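K.L.:
I would like the atomic coordinates for the input below:
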Amino acid sequence: MFWDILYELCIKSNTKPNPVAKQLGISSATVNGWKNGASPNSDTVKKLADYFGVTTDYLLGNKIPPRKKGVKIPVYGTVPAGIPVEAIQDIIDYEEIDEDMARNGEYFALKIKGHSMEPRIWDGDIVIIRSQPDADSGDIVIAIVNGDEATCKKLKKMNKDGIVLIPLNSTFEPMHFTNKEIEELPVRILGKVVQVRGNL
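P.N.:
Alright, predicted model coming up:
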C-alpha cells in the first residue's frame, strides 16, 4: 500500500522514488525494501509527506472514517407527570447522540437529582433515555410515581404481584407497587436508561 501510494505521488510529480529518496538522504537499499513490502519508519514517512505536501495518514493509506453527524436531544431538569415528554418546557441543555442510535427510537435526556442511584449514577449526571412504555427486569428506567416528577430506578417485575423500583444506594428503600397501584396511582414507565454521562 505504501509503495503504491509513493509511486503514484512520484508520477504526479514527474519524478521517481529513487531521486526523491536521494534528495531526502534515504538510501537506494531502503527504497528497494519498500518495493518488497517493507514499511518506512515514522521520521521517513514525515519527510516524504512534507516533500509531497500530503499527510502521513494519506501516505500510509490510512483511511480515517468521517465523523458521524450527531443528533441533539433535549435535557430536562424535571419530567412532571401527565405531560408528554415532547411538550415539556423545562429544557436545561442539549446532549448529542449519534445518528445510528437516533434511528433506533425516540430519545430524551434527564439531569439526575439525588443520591438513590449511587455509585452508578451520581447527583448531577445526565442519563440518556430511550422512550418506551415498558422495560425488562434489571433495566434502569425512568418512571412517574404518585404524580410526582420522574424517578430513576432499577426495575424488577414480580409477575402477578406488581413491580419493585429499586435504588442502587442501599440507604434508600425499594418502592413496591401492586398491579392495582400501578393502575390507580398510576405508575408509568417513560423509558429505559441507555447511557450515563457525568463529569469526572
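
K.L.:
Show me the helices in this protein, by range?
P.N.:
2-12, 17-23, 28-35, 42-52, 56-60, 99-102, 179-184 (DSSP state H).

K.L.:
how much does the first one deviate in direction from helix 42-52?
P.N.:
So that's helix 2-12. On the basis of axes from the mean of the first three to the mean of the last three C-alpha atoms, to 10 degrees, helix 2-12 is oriented at 20 degrees to helix 42-52.

K.L.:
Now helix 2-12 - C-alpha only, PDB.
P.N.:
C-alpha atoms of helix 2-12 as PDB (Å, rounded to 0.1, in the frame of the first residue of the first chain):
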ATOM      1  CA  PHE A   2       2.800   2.500   1.000                       C
ATOM      2  CA  TRP A   3       4.800   1.700  -2.100                       C
ATOM      3  CA  ASP A   4       1.800   2.100  -4.400                       C
ATOM      4  CA  ILE A   5       0.900   5.500  -3.000                       C
ATOM      5  CA  LEU A   6       4.500   6.700  -3.000                       C
ATOM      6  CA  TYR A   7       4.900   5.600  -6.700                       C
ATOM      7  CA  GLU A   8       1.600   7.400  -7.600                       C
ATOM      8  CA  LEU A   9       2.800  10.600  -5.900                       C
ATOM      9  CA  CYS A  10       6.100  10.400  -7.800                       C
ATOM     10  CA  ILE A  11       4.300  10.000 -11.100                       C
ATOM     11  CA  LYS A  12       2.100  13.000 -10.400                       C
END
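
K.L.:
coming back round to it: let's have the helices of the chain in TSV, adding mean neighbour count.
P.N.:
To be clear about C-beta, it is placed using only N, CA and C from the backbone, and glycine gets the same treatment. Shown next, in TSV, are the helices of the chain (neighbours: other C-beta atoms under 10 Å):
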stretch	mean neighbour count
helix 2-12	14
helix 17-23	15
helix 28-35	13
helix 42-52	15
helix 56-60	16
helix 99-102	13
helix 179-184	12
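
K.L.:
now the closest residue to residue 31 other than its chain neighbours: how far from residue 34?
P.N.:
Once flanking residues are discounted, residue 31 sits nearest to residue 21: 4.9 Å by C-beta to C-beta, 6 or more residues apart in numbering. To residue 34, residue 21 is 9 Å away according to C-beta to C-beta, to the nearest Å.

K.L.:
returning to that earlier point: how near is the residue nearest to residue 31 to residue 51?
P.N.:
According to C-beta to C-beta, residue 21 and residue 51 sit 10 Å apart.
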